[in-house]
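Novice: this one's structure only:
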């Protein structure tokens, strides 16, 4: 019996080439295998304080994110955050947080493989997203750091604004929708591709 | 070919660019900037099509979107039905023909792109006429985010159709200055060829942009042909103008009869003379500039027939100067003509009755009955309308908090008034946003003579004998007459909405723009009530026809509905799986080998699972992590059986019911830790069950300290099934003691599988010795391939959903939603054992005590064996008691819910819901099939391995 060397499969691995050929003005890169933990805790509670102390950040408020450090926090709901960290930290991080929470009521769930993260950047990002996303990405309305769970075309996504005027965003998408989203994205670029050809 | 009706020195068309087109088989030319209608008129063509019902020749009544008559079918470059020739921009190679009401869809798929774009603004202005431009400029200069949409290719709106001057110069100069300034502002977007067609809650306005239609065959393929804009605006200003209203008189439908303002537009926007010799019939001042401008351009105005007793002196003087005969207190009572109007019948109109008629020869009869503000969008926004008796039209009663009108849309019909009103509407919109805009210097207009009031005249009484109004058309597209309206009121209809439906007036593509208010007036007259009390037809979106292709946008083909796939999908594709749609998921259905039929493949896969080892992709199962001190309490309240007593390391099957006691889902629950459970749901119910649980948690039991987290896509799930599954698992999970005692049925272990940290459960959905290997989705392919490799010597076989269904049906494991339909209790499924008798309460418990739920003759799940073991019953087939089909109504005992060929049983079998099914076991019942009946024996639902001997291998 031979067992292959473990090769993980990221949802958009097969799309790498196609995404690399998007028109100038839109760069799309998958950030696979990020550590992702769902944190459920009542804001302002002792458990929340313990989490914040452990992470060294303040949990962001509604529609916000804390993206500065290694462990990033994305607001997902009134008592829910998605903690995003570099690859491979899920067990450590979950362990640390659970230890900090102790007997208080707060929960941590590993959802690292649930979503993949698509990083988009370039001048076209806002125009392309406007083809399928109802959120107003004007920097005066949706400043850097905004985190919105919404739909892009027909795919549920969490959108994080990384740079001014959505010139860079993260799209976190459930793995099963990743192919649909990539197909949509490539198709959405048809108009720009034609004009540069 | 030279167009004989072009007027030199007029119009905005580009005469340097000549475009060839074909209409009704004849070749013509026009110019860039023409509409199909203007190009036809320039060539002297008025007769566009015959009417739908009476087949009367019909021409071009208007110059815009309000056109009720001149429908065309485009044949090339791409077939498209039912377009108004007055809004089709001319392009090279256009082939069209006139349309009598009904068009023809293309039999070929439309290869053009259509798309949707979302946009946001502080102020949306609809309409780029004088009011709209003044509003846009005012809003834009304040620094607000502004979107201006306009249906025409050129800005200017009504200014394009008149010779009025601004600051002493042609108005085009001011228009281009404004647009040039708007173009420099980064927060202003101007959308041309874009028609707002719907206003929805919270300032959502939908607009259709025709991006490449005007390029014809030269349209680039990569640019969407049409685009739907979804504009969310804080404030909306509808500067949508007004539509001129005709007057009904006998034979008012002939080609060559045109609205006066439209004729003015043809002259000034297109440089086209719609005729040589015109009679102008008006009830108000607005037709005079039309008559004078046309006269100056070379049209002989044979007479101006004014229904008013008094004609303002300055208009009379201007007509006298040009030798135009003005007949005050007169009306047009009818017309003559064959393909086109050749004579207008004119009579004095003293006491509301026409006097003796006199014919005036003409090839053009211009009509103006006043103007109706274009309030469709304002009305869609739930803006109230009021009747303004002075103009005989419905106008906005008052602005809404976020929606207002400006200019002619609000009943303001002078150029100076429109400009001022536009600026004022924008200032109010800005003020509502807490912004201040500086005053905008508006251009000076030519001095206007004092306006005289118009006369409100809906129809001219018919001089003919016979049914009143039987030659007077109201809705030209629907061929609906005044007599139809009178028949409706005669039948007792009192509401304009009822009359609309009785007569079909206002239901065509034009939504009654030229007929709606006239209808209200005629009804009011007939009933002797005030039009103000009658009201007008309710206006609904879409305000203009919008192609379905535009609504569909890019949601076509592979983007029609999201296709969800698991992390193992590429392997399935590579290995020839055929797929079944399960909700949005693509699941492997079966894996045919070369030359194999579906039946053969499924039998082979079943045999592998029952005699060797097989595996499938179960990743689509819904998975919910339940954590917190009260997790067990919550699950006890939602499942019919007890979950809080489950020990860490163990697994339990559970059923959830609705409050009515009917099964809504089933699955397994594993206890991960003292305060943590992981439950599975059926694939299609994953989101619904999470919402169901959250609803109870958040609305009924917020005191419970529990958190629910969907982990459906974090975990990939691989069932490994069959008597040799233990051998295979042992090879890839060296640290796991796979012995039956060490790892018993309904327990789970965390252990590396193929080097990947995995959670292995001993769960069986087939009755065989089976495992479920759960790993993070990104590792699934590694584990899957390792299992395939390890199982190679055992003949390991991938199987799909069809085999899964056969295996579970042989064991009578129900599929919620296939074997149940929302009216089936766990007891009906023969699963009383899953309903706790100890728990004080759980969702559904109370309903089990209902008399209806206790009846012995409820439908219960049973097995069916067809007498002929080769007969496969269709799922959904009905079950009756007799071998002969009695006369209808046939008493039905139930229906087949699942039906398969079984390799294990070497025959076909079925599951069914049958009335009193449990008591009928052993009976013969019948299934009507192809006009005959098939005898079936009712059995216990479990047909294979009843004693459960295979579970432990």
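Specialist: In hand now; what should we look at? None of these values were measured; they are calculated from a predicted model.
Novice: Near chain A, which residues of the stretch 501-650 of chain B are found?
Specialist: Counting by Cβ under 8 Å from any Cβ of the partner chain, the stretch 501-650 of chain B comes close to chain A at B:554-555, B:558-559, B:561-567, B:569-570, B:585, B:625, B:627-629. All C-beta atoms are positioned from the backbone trio N, CA, C, and that covers glycine.
Novice: Apply 6 Å and report the result again.
Specialist: When proximity is defined by Cβ under 6 Å from any Cβ of the partner chain, the stretch 501-650 of chain B lies next to chain A at B:558, B:559, B:562, B:563, B:564, B:565, B:567, B:625, B:627.
Novice: Pop out the phi and psi values for the first one.
Specialist: So the one you mean is residue B:558. phi -70, psi -10 (degrees, to the nearest 10).
Novice: how near is it to residue B:223?
Specialist: 21 Å (Cβ to Cβ, to the nearest Å).
Novice: who's more crowded, those two?
Specialist: Taking other Cβ atoms under 10 Å in any protein chain shown, residue B:558 and residue B:223 do not tie; residue B:223 has more neighbours (17 against 12).
Novice: coming back round to it: now a PyMOL select for only the buried ones of the residues of the stretch 501-650 of chain B next to chain A.
Specialist: Burial among these is assessed by 16 or more other Cβ atoms under 10 Å in any protein chain shown; the matching PyMOL selection reads:
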select buried, chain B and resi 559+562+563+564+565+567+625+627
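Novice: got the residues of the stretch 501-650 of chain B next to chain A as CSV, with secondary structure and pLDDT columns?
Specialist: As requested, these are arranged in CSV below (DSSP: H, G, I helix; E, B strand; the rest coil; pLDDT from 0 to 100):
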residue, secondary structure, pLDDT
B:558, helix, 94
B:559, helix, 97
B:562, coil, 97
B:563, coil, 97
B:564, strand, 97
B:565, coil, 97
B:567, coil, 97
B:625, strand, 98
B:627, strand, 97
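Novice: and which of the residues of the stretch 501-650 of chain B next to chain A is nearest to residue B:160?
Specialist: Within these, proximity to residue B:160 (Cβ to Cβ) peaks at residue B:559, which comes in at 39.1 Å.
Novice: Direction included, what does the lengthiest strand in chain A pair against?
Specialist: The longest strand of chain A (DSSP state E) is strand A:155-163. Sheet pairing of strand A:155-163 (DSSP bridges) gives strand A:147-152 (antiparallel), strand A:168-174 (antiparallel).
Novice: now, of the ones you listed, which is deepest in the fold?
Specialist: strand A:168-174 (a mean of 23; mean count of other Cβ atoms under 10 Å in any protein chain shown).
Novice: Name the surrounding residues that touch the next helix or strand after that one.
Specialist: On the C-terminal side of strand A:168-174, the closest following helix or strand by DSSP states H and E is helix A:178-188. Applying Cβ atoms under 6 Å, 6 or more residues apart in numbering or on different chains, the external contacts of helix A:178-188 come out as A:11-12, A:15, A:18, A:116, A:128, A:131, A:153, A:155, A:173, B:558-559, B:562-563, B:565.
Novice: how far out from the middle of the chain is helix A:178-188?
Specialist: 16 Å (Cα atoms, centre = their mean, to the nearest Å).
Novice: Buried residues of it, list them for me.
Specialist: A:178, A:179, A:180, A:181, A:182, A:183, A:184, A:185, A:186, A:187, A:188.
Novice: residues from chain A in reach of chain B?
Specialist: So chain A meets chain B at A:1, A:3-4, A:6, A:8-9, A:38, A:40, A:105, A:107, A:109, A:111, A:113-114, A:130-131, A:134, A:136, A:154-155, A:174-177, A:179-180, A:183-184, A:190-191, A:194 (Cβ under 6 Å from any Cβ).
Novice: Show me just the buried residues among those.
Specialist: A:3, A:8-9, A:38, A:40, A:105, A:107, A:109, A:111, A:113-114, A:130-131, A:136, A:154-155, A:174-177, A:179-180, A:183-184, A:190-191.
Novice: Which single residue in chain B comes nearest to chain A?
Specialist: residue B:222 (2.6 Å; Cβ to the nearest Cβ).
Novice: where does that residue land in three-state SS?
Specialist: coil (DSSP: H, G, I helix; E, B strand; the rest coil).
Novice: Tell me the predicted confidence for it.
Specialist: Looking at residue B:222, its pLDDT stands at 94.
Novice: Hmm, it is touching residue B:111, no?
Specialist: No. The pair residue B:222 / residue B:111 is not scored as a contact, 11.9 Å apart, by Cβ atoms under 6 Å.
Novice: So for the chain, the centremost residue is which one?
Specialist: You didn't pick a chain, so chain A it is. residue A:172 (3.5 Å; Cα atoms, centre = their mean).
Novice: hmm, I had chain B in mind actually
Specialist: Judging by Cα atoms, centre = their mean, chain B has its centre closest to residue B:551, at 6.1 Å.
Novice: What residue, apart from its backbone neighbours, is nearest it spatially?
Specialist: Leaving aside its chain neighbours, residue B:551 sits nearest to residue B:228 (6.8 Å; criterion: Cβ to Cβ, 6 or more residues apart in numbering or on different chains).
Novice: dump the residue contacts of that neighbour.
Specialist: With Cβ under 6 Å, 6+ apart, residue B:228 has these contacts: B:116, B:208, B:550.
Novice: mind checking the SS state of it?
Specialist: Quick answer, by three-state DSSP: residue B:228 is strand.
Novice: If it is in a bridge, with which residues?
Specialist: residue B:116, residue B:208.
Novice: My read is that residue A:74 contacts residue A:82, right?
Specialist: Yes. Between residue A:74 and residue A:82 a contact is recorded at 4.4 Å, counting by Cβ under 6 Å.
Novice: number of nearby residues for the closest residue to residue B:195 other than its chain neighbours?
Specialist: Spatial nearest neighbour of residue B:195, chain neighbours left out: residue B:151 (4.2 Å); criterion: Cβ to Cβ, 6+ apart. Residue B:151 has 25 neighbours, counted by other Cβ under 10 Å.
Novice: Specify the local secondary structure of residue B:151.
Specialist: Under three-state DSSP, residue B:151 comes out as coil.
Novice: so it makes contact with residue B:192?
Specialist: No. Applying Cβ under 6 Å as the test, residue B:151 and residue B:192 come out as separate, 8.3 Å apart.
Novice: Which stretches in chain A count as strands?
Specialist: Using DSSP E, strands in chain A cover A:27-31, A:35-40, A:65-66, A:72-77, A:80-85, A:107-110, A:115-121, A:147-152, A:155-163, A:168-174.
Novice: Out of those, the one nearest residue B:605 is which?
Specialist: If we rank the strands of chain A by Cβ to Cβ, the stretch that ends up nearest is strand A:168-174, at 29.1 Å.
Novice: neighbouring contacts of the closest one?
Specialist: A:115, A:117-121, A:155, A:157-162, A:181, B:713.
Novice: Could you point out which of these is nearest to residue B:527?
Specialist: residue A:155 (55.6 Å).
Novice: Contact partners for that closest one?
Specialist: A:173, A:177, A:180, A:181, B:562.
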